[in-house]
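S.K.: Sequence first, predicted coordinates after that:
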Amino acid sequence: MAGSNANASAGAGSAIYGLGVLGTVVYFWQQADAFWEYVLAVVQGLVWPAIMVYEGFAALAA
């Protein structure tokens, strides 16, 4: 029973992450003009947390 509460909030985090992915795909999709830019929009939507952390560290290093 003690381990049953450990995963209680995992669904909420996944839902928020999923909404973030959907939102970034929509944002980048609106910026796209060509086929490969649409493909890149989907990829960027999936890896947006890594892009955000990278840009944050790059800004701190500058």
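M.R.: Thanks, I have the structure now. Residues are numbered from 1 along each chain as shown.
S.K.: Ramachandran angles for residue 26?
M.R.: phi -60, psi -40 (degrees, to the nearest 10).
S.K.: got any ranges where this structure has weak pLDDT?
M.R.: Where the chain drops to pLDDT under 70, the residues are 1-10.
S.K.: And the helices in it, which stretches?
M.R.: 10-31, 35-46, 48-61 (DSSP state H).
S.K.: List the contacts of the second one.
M.R.: Read that as helix 35-46. 21-22, 24-25, 28-29, 31-32, 51 (Cβ atoms under 8 Å, 6 or more residues apart in numbering). Placement of C-beta: from N, CA and C, glycine included.
S.K.: now do stretch 11-25
M.R.: 41-42, 44-46, 48-49.
S.K.: Would you indicate which residues of it are buried?
M.R.: By neighbour count with 16 or more other Cβ atoms under 10 Å, stretch 11-25 contains the buried residues 21, 24-25.
S.K.: related to what we said a few turns ago, can you tell me which of the contacts of helix 35-46 is nearest residue 57?
M.R.: residue 51 (11.1 Å; Cβ to Cβ).
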